[in-house]
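Undergrad: Sequence and predicted structure, then a few things I'm wondering about:
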Amino acid sequence: MQIRQTDEQGRLRHLITLEDLDREQLESILRHAERYLSQPGKPPPRDTILSGQTVANLFFEASTRTRASFELAAKRLSADVLNLDVNMSSRAKGESVMDTIFTLQAMHVDIFVVRDASTGVPAMIARQVAPHVCVLNAGESDVSHPTQGLLDVLTMQLHKGDTSALRIAIVGDIRHSRVANSAYHALSKLGVGELRLVGPPELMPESDEFVGAVRDTTLDSGIRDADVVMALRLQKERFAQLSDIPDSQEYHRRYGLTQARMAAAKPDAIVMHPGPMNRGVEIDSSVADGPQSVIREQVANGLAVRMAVLARVHEHVRSARGEA
Ligand code: NCD
């Protein structure tokens with residue numbers, strides 16, 4: 001169910017997965033994002049390149065930060081922005097999604113930002129839109145969340161330099177995490193010293209996934225000497241059975257990031273979390289708000305990454321509309 005993400009001129013057209021972008025393409029988006037990074041305390045510089053283009057945020061699954069981030073990114077580039085919250089239960093999948101898309105396309109939407117709880121929807125849309133139209137995946141089931149993967153590696157690079165020298169531990173519900181998947185795809189291209197997956201066996205991915213990563217079911221040894229510790233939420237909405245969800249207190253006791261347990265990681269390790277956080281479950285407030293936390297920087301870097309991705313695909317729109 002793959003889709004070609006670049007156009008005939010090699011320009012980025014869709015961003016559905018990081019899996020088939022090469023190292024050069026990833027680095028080029030990341031360096032582009034750096035240009036949009038603001039000075040501390042200041043919003044990113046404005047740009048008018050998306051003036052005359054329309055971005056529609058179509059979120060078929062709840063979201064606060066990713067949606068707000070895409071909206072602000074598009075507005076900072078001077079696009080017209082349309083936000084649609086589409087209740088999952090109100091649509092029968094497949095045809096009706098495309099009805100919505102074709103309706104919006106008739107209103108001259110150029111770029112669709114799509115989040116959906118089922119696998120394959122962003123690619124399905126990308127396959128059917130008009131030639132100038134682009135599709136950006138803002139979170140697809142437990143499969144892919146490419147802009148999150150980009151902002152995560154950008155945050156690591158900004159703090160720690162080249163990721164190929166780093167020991168990176170992802171802790172928690174990796175099995176249900178599109179965030180972990182996209183981070184893995186980016187790190188496999190950019191290089192990683194050692195990638196560790198830490199969590200209970202039932203929350204580990206299948207054995208044929210995350211090839212090359214080291215698995216550890218104990219927190220202390222899993223984060224030992226790590227440069228980066230990324231905590232993940234228990235994604236309860238994706239558990240097949242409610243009875244499979246671990247007890248929060250027990251989970252915190254075994255895998256919760258506390259100040260005391262962070263002592264096992266390197267003293268200058270950074271702590272990451274994609275949000276939303278469950279304080280007192282996968283992470284304590286003292287860690288989330290502590291000196292090692294870069295969680296708010298991830299959010300700020302996310303805006304820059306989304307501006308960069310929008311700036312990239314806008315070149316395809318312009319050229320396919322005959323404007324370039
Ligand atoms: C994540 C997501 O939606 O996949 N959050 C996000 O995009 N900031 C992680 C999560 O839901 O746990």
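TA: Here it is on my side, so go on. Bear in mind the structure is a predicted one, so any value in this text is a computation, not a measurement.
Undergrad: So which residues on the stretch 101-250 of the chain come close to the ligand?
TA: Contact residues of the stretch 101-250 of the chain with respect to the ligand, defined by CB under 6 Å from any ligand atom, are listed as 139, 145, 148, 178-179, 233, 235. Bear in mind the C-beta positions are built from the backbone N, C-alpha and C, glycine included.
Undergrad: Narrow those residues to those in helices?
TA: 148, 178-179 (DSSP state H).
Undergrad: and R238, how many residues sit next to it?
TA: R238 sits with 14 neighbouring residues when counted by other CB atoms under 10 Å.
Undergrad: Leaving out the residues flanking it, which one is nearest to it?
TA: Leaving aside its sequence neighbours, R238 sits nearest to H176 (CB to CB, 6 or more residues apart in numbering; 4.0 Å).
Undergrad: Check A117 too.
TA: Taking CB to CB, 6+ apart, and ignoring the residues beside it in sequence, A117 has E61 as its nearest neighbour in space, at 4.6 Å.
Undergrad: Was I right to think that neighbour contacts S118?
TA: No. Shown here, E61 and S118 do not form a contact pair, counting by CB atoms under 8 Å, at 9.2 Å.
Undergrad: right, and T100 touches A106 too?
TA: No. Between T100 and A106 there is no contact, the gap being 11.0 Å when judged by CB under 8 Å.
Undergrad: So those two - more neighbours on which side?
TA: It is T100, of T100 and A106, that has more neighbours when counted by other CB under 10 Å, with 18 against 9.
Undergrad: Which secondary structure element comes immediately after the least confident helix or strand in the chain by mean pLDDT toward the C-terminus?
TA: Among the helices and strands of the chain, helix 95-106 carries the lowest confidence by mean pLDDT, DSSP states H and E, at a mean of 89. Using DSSP states H and E, the helix or strand that follows helix 95-106 towards the C-terminus is strand 111-116.
Undergrad: That following strand versus helix 95-106: what angle between them?
TA: 160 degrees (axes from the mean of the first three to the mean of the last three CA atoms, to 10 degrees).
Undergrad: which residues are in contact with strand 111-116?
TA: Where contact means CB atoms under 8 Å, 6 or more residues apart in numbering, the residues beyond strand 111-116 that reach it are 53-61, 63, 66-67, 70, 74, 79, 97, 101, 104, 121-122, 125, 129, 133-141, 310, 313-314, 317.
Undergrad: Then stretch 294-303?
TA: Counting by CB under 8 Å, 6+ apart, the neighbours of stretch 294-303 from elsewhere in the structure are 33, 36-38, 44, 65-66, 69, 72-73, 76, 147-148, 151-152, 154-155, 158-159, 270-275, 277, 288.
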